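[1] got a predicted model here, sequence first, then my questions.
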Amino acid sequence: MFIQKIARWGLLSWSCWVGLVLSEAPVSGVVAPSTGHEQIFLNRAQDRLVSTLEKAKKEGTLTLYTSMAPSEIGPIVKEFEKKYALKVEIWRSTSEGILQRALNESKAKKFNFDVVETNAPEVEILARERTLAEFYSPHQSDLPQNMSPKHKLWVPDRINFYVVAFNTNKIKREDLPTHLEGFTHPKWRDKLGIEATDGDWMGTVVNELGEARGLSLFKKLSELKPDVRKGHNLLAQMVSNGEVPVGLTTYLGNAQSLKQRGAPVDWVPIEPVIARAQGLGLSKYAPHPNAALLFADFLISPEAQTILNSLGRPPANINIKSKLNNFNYVVADPMAMLDEADKWNQIWSKMFLVK
């Protein structure tokens, strides 16, 4: 399995992780040993909540690995702990950090986490490594089916939209184009910023526009030498302070959060808008399986999804009415993002990262 290769070679880049995982058999090709959690995770009985809560009380706690910001996961966990009188231990890191920790623990057969929540491609890698288990929740039917994997080893719990953020002191909304191609005009030189790891965004845009048109767009953008920054939150902060007037690959949630706090930032869904799911999964070897299932239930429930929406984060639950997803968008396929990552990361690096 490719986690053994990771352990031997040390910390690998995202593209290396992807290259290794692609050499492995698909999820459906291997039958993993039973852990006994299937009866818990797939329980559809009418008294499911009562029996699960009773057993979860005995477990007392659960461990969550997440890349969600403390300002967002904090209020959600607080409500969960209040509702069920269970303790949630949070380990927070980047999506790459979560992936490496989970893979290293799996190799060492130290199963510490119960629930994982981070970028869908990283969660998909954990699914392909057979560390996640299918679970049932009555709220799953309220999630977007075009973002849910067929193997059912994880579900979308929130959505990241790549939008164009701008500093309202430096840029007028009416001056922004209606399509990304409008940013290839020379007048945008020295005004644009992008995030350093967004090769997958480029790949999805190119696939949407067609290869000739899409690659032409990015070649012209690269010729304008946009400011490249590592970290979507950092890019949003730099738009806020005016160092980067326009962020082409800003996460909507980051921009909206700053806007709600009074920063001179706004955002526009300039087509094609790419939507990428954040994934929620349960460990096949969860130390606290009942508490884990309760938390997964809660996170995709209207209650928690409403909290996310109030914090400026687009919810995944389709029953939550939100101004944060009321526009046209293209859904990024996490499977394709993994399978094509090496190709697009190489092109991205040559265009934007190589000086």
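    Everything's here; your move.
[2] can you list the buried residues in stretch 325-334?
    Judged by neighbour count (16 or more other CB atoms under 10 Å), stretch 325-334 contains these buried residues: N325, Y329, V330, A332, D333, P334. C-beta here means a position set from N, CA and C on the backbone, and glycine is covered the same way.
[3] and what about the spatially closest residue to K343 that is not a sequence neighbour, helix, strand or coil?
    Leaving aside its sequence neighbours, K343 sits nearest to G203 (CB to CB, 6 or more residues apart in numbering; 7.3 Å). Reduced to three states with DSSP: H, G, I helix; E, B strand; the rest coil, the structure at G203 is helix.
[4] didn't G203 look like it was pressed against Q346?
    No: if you go by CB atoms under 8 Å, G203 and Q346 don't touch, sitting 10.7 Å apart.
[5] so which of these two has more stuff around it?
    G203 (22 against 12; other CB atoms under 10 Å).
[6] from A332, how far off is the more buried one?
    9 Å (CB to CB, to the nearest Å).
[7] could I get the buried residues of stretch 325-334 as TSV with distance to N146?
    Shown next, in TSV, are the buried residues of stretch 325-334 (distance: CB to CB, whole Å):
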residue	distance to N146
N325	13
Y329	11
V330	10
A332	11
D333	9
P334	11
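[8] CSV for the residues you listed, including pLDDT, distance to H185 and secondary structure?
    CSV is the format used below for the buried residues of stretch 325-334 (pLDDT from 0 to 100; distance: CB to CB, whole Å; DSSP: H, G, I helix; E, B strand; the rest coil):
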residue, pLDDT, distance to H185, secondary structure
N325, 91, 29, coil
Y329, 95, 24, coil
V330, 95, 23, strand
A332, 91, 26, coil
D333, 88, 31, coil
P334, 84, 33, helix
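[9] just the closest of those to Q100, please.
    Nearest to Q100 among the buried residues of stretch 325-334: P334, at 18.2 Å, using CB to CB.
[10] show me what contacts the closest one?
    Contacts for P334 (CB atoms under 8 Å, 6 or more residues apart in numbering) come out as A120, P121, V123, E124, P149, R276, A277, G279.
[11] can you tell me the closest non-neighbouring residue to it?
    Nearest residue to P334, sequence neighbours excluded (CB to CB, 6+ apart): A120, at 4.0 Å.
[12] show the contacting residues for the one you found.
    Contact analysis of A120 by CB under 8 Å, 6+ apart lists M147, W154, P156, R276, A277, Q278, G279, P334, M337.
[13] do E303 as well
    Taking CB under 8 Å, 6+ apart, we find E303 in contact with E79.
[14] which SS state does it fall under?
    Under the three-state scheme (three-state DSSP), E303 adopts helix.
[15] for H179, see how far away it is.
    For E303, the distance to H179 - CB to CB - is 38 Å.
[16] do the same with M202
    The value you get for M202 to H179, if CB to CB is used, is 15 Å.
[17] who's more crowded, the two?
    Set side by side, M202 and H179 show more neighbours around M202, with 23 against 12, by other CB under 10 Å.
[18] still on that earlier bit, can you pick out the most distant pair from the contacts of P334?
    Farthest pair in the contacts of P334 (CB to CB) is P149 and R276. Separation: 13.3 Å.
[19] now the most centrally placed residue in the chain, which residues is it bridged with?
    Centroid-nearest residue in the chain: N119, 2.6 Å away (criterion: CA atoms, centre = their mean). Beta-bridge partners recorded for N119 (DSSP bridges): Q278.
[20] with only the CA atoms kept, save the longest strand along the chain in CSV.
    Ranked by residue count under DSSP state E, the longest strand found in the chain is strand 155-167. Taking Å, rounded to 0.1, in the frame of the first residue of the first chain, the C-alpha atoms of strand 155-167 are listed here in CSV:
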residue,chain,number,x,y,z
VAL,A,155,-20.0,12.5,2.3
PRO,A,156,-19.8,16.3,1.5
ASP,A,157,-20.4,18.4,4.6
ARG,A,158,-19.5,21.9,3.3
ILE,A,159,-18.6,23.5,-0.1
ASN,A,160,-15.6,25.6,-1.1
PHE,A,161,-16.4,27.9,-4.0
TYR,A,162,-13.5,29.5,-5.8
VAL,A,163,-14.6,33.1,-6.3
VAL,A,164,-12.9,36.4,-7.1
ALA,A,165,-12.3,38.5,-4.0
PHE,A,166,-11.4,42.2,-4.3
ASN,A,167,-10.4,45.0,-2.0
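[21] perfect, I'm done here.
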